[in-house]
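Engineer: how would this look folded up:
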Amino acid sequence: MEYSKIKEKFLNWYSEFMSTETIPFTIKDQVIILSIVSDEVIKSELCKQIENDSLFRIIEDRSERIKLQINKYAKALIWYLSKNPAIPVMYISCLKQLQLSTNKEINIDEFIGLFHDGFIPNYSLNNLWEKQKLENGQNLVDLITFN
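Structural biologist: Alright, predicted model coming up:
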């Protein structure tokens, strides 16, 4: 497939991702966000566990590979929201596309601002993951280069 077609498909998928309905924050979500923002999670023993978690390593590796400028608080929040490896890959890809238009580092305010009514529910994230797959089984988010 030509790269221009891949880019077009990605931008369509990105638009759908960004417009997906969200579910409201729960009290637990709000407590987690507040503890991340207040540095409690980042400075705690939990931080060492998070950093050794395979999902957090995916966030770190993918961010570095696509040169996403993202701070540790936003990474911690993505980790909290991620139930499987596909979720951080989608969030990171969408945040990079956003960053291309804003030229700003992604911080927790930027990230929460995208989904101010809550977060995308897991069933929607699973559907979005399936929609980004190409006919040959490749993942669109792995093919996009963000130039």
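
Engineer: In contact with Pro96, which residues?
Structural biologist: Let me fix one detail, which is that residue 96 is Lys and not Pro. Lys96 makes contact with 66-68, 146, according to CB atoms under 8 Å, 6 or more residues apart in numbering. In this view, the C-beta of every residue, glycine as well, is placed from N, C-alpha and C.

Engineer: Sort out for me which of those residues are in helices.
Structural biologist: Assignment to helices by DSSP state H places none of the contacts of Lys96 there.

Engineer: Could you double-check that Leu140 sits in contact with Gln132?
Structural biologist: Yes - in terms of CB atoms under 8 Å, Leu140 counts as a neighbour of Gln132; the distance is 4.2 Å.

Engineer: Quick check: His116 vs Asp61, distance?
Structural biologist: With distances taken as CB to CB, to the nearest Å, His116 is found 28 Å from Asp61.

Engineer: more neighbours, the two?
Structural biologist: Counted by other CB atoms under 10 Å, His116 and Asp61 do not tie: Asp61 has more neighbours, with 13 against 8.

Engineer: Give me the pLDDT for that one.
Structural biologist: The confidence metric pLDDT takes the value 96 at Asp61.

Engineer: Report the buried members of the contacts of Lys96.
Structural biologist: 66, 68 (16 or more other CB atoms under 10 Å).
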